[in-house]
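Engineer: I'd like to go over a predicted model; first the sequence, then the structure.
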Amino acid sequence: MIAVMKTASGEVTLTHRAAPEVGAGQVRLEVSATGVCGTDLHIAADEYASEPPVTMGHEISGMVVEVGQGGDPSWLGQRVVCETYFSTCEVCQMCRAGRRNLCASRRSLGSFEDGGFAASVVVPALNLHVVPDHVASEDAVLFEPLACVAQCLLDPSRVEAGERALVIGPGVMGLLSIQVALVAGAEVACLGLASDTRRLAVAERMGAAIVTEAESEAYDVVIECSGAPAGISAAFRAVRRGGRYVQVGISGREVTIPFDSVLYKELEVSSGFASTPGSWRRALDLVSRRQINLSGLVTHTLPLERWEEAFALVGSADAIKVALSP
C-alpha cells in the first residue's frame with residue numbers, strides 16, 4: 001500500500017510499504033480519511049518527537065475490516081474513530097490514575113507507531129469509538145481534536161456559565177473551543193488575524209463575537225489556540241485579574257511570554273496534552289447530543305498522492321481543516 005511516511009533520514013515522502021499484521025487485541029481499519037494536524041507539520045519539521053521510519057497521521061476515521069485473534073467480531077463493519085495512543089505502560093502513576101496521555105512510555109499513532117496516512121492502519125481495539133450515524137466519515141476526523149479540546153476545557157471545567165471567554169486563533173481547535181465554551185454557557189469572543197476572514201466568518205456563525213484586538217483584563221477565561229507568541233502575549237493581557245488562561249495551541253518552539261502576569265494577576269494557568277478516555281467520551285457525547293456540530297469544518301480532502309499540497313494548505317487562509325484520503 002502507499003503511505004505518507006517520515007523516513008529514517010528525516011524526510012517526509014510518499015512510499016510503498018507492506019500492510020502491517022493484525023495482532024491479538026488489535027483491529028485493522030480501512031481508512032476513510034485522516035485529518036492533517038498542525039502536529040504533523042511539527043513532526044515534519046522536527047519540532048515534535050517522533051521515531052521514524054513511521055507512517056504519519058493520527059486523526060483517523062475508518063471502518064473495521066479485520067479483527068485480531070480472540071477479538072470481538074461485532075466490530076467488523078463498524079465506522080469508528082480511535083484514540084491516538086498505540087500503547088502505554090499501564091503501570092506507572094499516570095496510567096494508574098487514568099492519565100495515559102502523560103505516560104512517559106506512551107507510543108502514539110503517527111509519531112512512534114504507524115498512523116493513518118495510508119490505505120489501512122492497525123490499532124488497539126481498546127481505543128475504538130463508534131461514529132454516530134449522523135456524522136459523515138470525513139467529518140469524523142474531527143473527533144480527535146475535539147477530544148483534545150475537551151481535555152483542555154472540560155476535565156475539569158475551565159469555562160463557567162455567564163463568563164466572558166476569549167478564544168485566540170480561529171483555526172479548527174479555536175472553532176471547536178468556541179463551540180465547547182458556548183455549550184458551557186459562556187459569552188464568547190474570537191480574535192484572529194486579518195487573513196482569517198473565512199474562519200472568523202465561521203466563528204461568527206457559531207455565535208462568537210469577532211474582535212479585532214484583545215481588550216485588556218476584560219475576560220474571565222482566555223483560550224489560546226494559535227500557539228503564536230503574539231497570541232500568547234495577547235492572551236496574558238486580555239485575561240482579568242484572578243482569571244484563567246488555557247493553552248490549547250502548540251508553539252513547537254520556545255517563546256518569550258510575560259510570565260509575571262501570572263503572579264501580578266494571580267492567574268490560573270492550565271492546559272491539556274492530547275486526550276484521555278474520559279475526554280473522548282465527552283467529545284462523543286457532545287456530538288451525539290448535537291450540541292457540537294462538526295459539519296463544514298473539513299474544507300479540503302485530498303488523496304494521499306497530494307500530501308504536499310495538503311500540508312501546505314494547513315494554516316492557510318483558504319482552509320479550515322484539511323484531510324487526506326486513500
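Structural biologist: Yep, that arrived.
Engineer: what about stretch 137-144, distance to the chain center?
Structural biologist: 10 Å (C-alpha atoms, centre = their mean, to the nearest Å).
Engineer: which residues touch it?
Structural biologist: When contacts are defined by C-beta atoms under 8 Å, 6 or more residues apart in numbering, stretch 137-144 is touched by residues 32-35, 37, 58-63, 79, 81, 83-84, 129, 131, 172, 176, 275, 280, 283-284, 287, 294-295, 297-298, 301, 321, 323, 325. In this view, the C-beta of every residue, glycine as well, is placed from N, C-alpha and C.
Engineer: ends of that stretch, how far apart?
Structural biologist: 13 Å (C-alpha to C-alpha, to the nearest Å).
Engineer: of the contacts of stretch 137-144, keep whichever come out buried.
Structural biologist: The neighbour count (16 or more other C-beta atoms under 10 Å) marks 32-35, 37, 58-63, 79, 81, 83-84, 129, 131, 172, 176, 275, 280, 283-284, 287, 294, 297-298, 301, 321, 323, 325 as buried among the contacts of stretch 137-144.
Engineer: among these, name the ones in helices.
Structural biologist: 172, 176, 280, 283-284, 287 (DSSP state H).
Engineer: quick one: residue 146 and residue 177 touch, right?
Structural biologist: No. Counting by C-beta atoms under 8 Å, residue 177 is not a contact partner of residue 146; they are 9.6 Å apart.
Engineer: higher neighbour count, these two?
Structural biologist: residue 177 (34 against 27; other C-beta atoms under 10 Å).
Engineer: coming back round to it: now, the buried ones among the contacts of stretch 137-144 that are in strands?
Structural biologist: 32-35, 59-63, 79, 81, 129, 298, 301, 321, 323, 325 (DSSP state E).
Engineer: contacting residues around the closest residue in space to residue 258 that isn't next to it in sequence?
Structural biologist: Spatial nearest neighbour of residue 258, chain neighbours left out: residue 236 (5.0 Å); criterion: C-beta to C-beta, 6 or more residues apart in numbering. Residues in contact with residue 236, defined by C-beta under 8 Å, 6+ apart, are 222, 245, 257-258, 261, 267.
Engineer: compare those residues and tell me which is most surrounded.
Structural biologist: residue 222 (29 neighbours).
Engineer: who does the helix or strand hosting it pair up with?
Structural biologist: Assigned by DSSP states H and E, residue 222 belongs to strand 219-224. Strand pairing for strand 219-224, using DSSP bridges, gives strand 164-168 (parallel), strand 239-247 (parallel).
Engineer: tell me which residue is most central in this protein.
Structural biologist: residue 145 (2.5 Å; C-alpha atoms, centre = their mean).
Engineer: tell me which residues touch that one, please.
Structural biologist: 35, 37, 59, 172-173, 176.
Engineer: distance of the spatially closest residue to residue 7 that is not a sequence neighbour from residue 9?
Structural biologist: Once flanking residues are discounted, residue 7 sits nearest to residue 53: 5.2 Å by C-beta to C-beta, 6+ apart. With distances taken as C-beta to C-beta, to the nearest Å, residue 53 is found 9 Å from residue 9.
Engineer: those two - which one has more neighbours?
Structural biologist: Shown here are residue 53 and residue 9; by other C-beta under 10 Å, residue 53 has more neighbours (16 against 8).
Engineer: neighbours of the nearest residue to residue 71 once chain neighbours are set aside, how many?
Structural biologist: The shortest distance from residue 71 to any non-neighbouring residue, by C-beta to C-beta, 6+ apart, is to residue 125 (5.6 Å). By other C-beta under 10 Å, 18 other residues sit near residue 125.
Engineer: what are the neighbouring residues in contact with residue 125?
Structural biologist: 25-27, 67-68, 71-72, 75.
Engineer: do residue 282 as well
Structural biologist: So residue 282 contacts 147, 150, 154-155 (C-beta under 8 Å, 6+ apart).
Engineer: can you pick the most crowded of these?
Structural biologist: Neighbour max across these (other C-beta under 10 Å) = residue 147, 29 neighbours.
Engineer: secondary structure element for that one?
Structural biologist: helix 143-153.
Engineer: show me what residue 154 bridges to in the sheet.
Structural biologist: Beta-bridge partners of residue 154, as defined by DSSP bridges: residue 157.
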